[in-house]
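S.K.: Just to be clear, the model below is a prediction. Sequence and coordinates:
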Amino acid sequence: MAAGVEPRPEDHAPVTPDWTCGSCGEDWPCATKRTRLLEEYQVDRASLSVYLGSCLAAATQDLRTGPVASLQDRFIGWVPRSPRTS
Ligand SMILES: [Zn+2]
């Protein structure tokens, strides 16, 4: 099940310190990356939150120009609440 972690052009990986998508140039996580993350972490949403939280922490250090609340919304706010944990 372990996938390779080598960066590829279609990886939609973040480019720091601007936190834009390395594939499509949109603010990271872009729409494509968000869809992939939900697929990748669909059975382990807690780990997705941890991952995005670490990204948010790093981005907060890199992107000091905007309010933190908007970064939280950008990195974490898009994740749908899962009702399946009840
Ligand atoms: Zn992208």
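M.R.: Arrived safely. Residues are numbered from 1 along each chain as shown.
S.K.: The helix or strand containing Arg34: which residues count as buried?
M.R.: According to DSSP states H and E, Arg34 maps onto helix 31-40. Neighbour-count burial for helix 31-40 flags Lys33, Leu37 (criterion: 16 or more other Cβ atoms under 10 Å). C-beta coordinates here come from the backbone N, C-alpha and C atoms, glycine included.
S.K.: Tell me where the model's unsure across the protein.
M.R.: Applying pLDDT under 70 to the chain flags residues 1-8, 82-86.
S.K.: correct me, but Cys21 touches Pro9?
M.R.: No: with contact defined as Cβ atoms under 8 Å, Cys21 does not reach Pro9; the gap is 11.2 Å.
S.K.: More neighbours: which of the two?
M.R.: A side-by-side neighbour count of Cys21 and Pro9, using other Cβ atoms under 10 Å, places Cys21 first with 20 against 8.
S.K.: Please name the bridge partners of that one.
M.R.: Pro14 (DSSP bridges).
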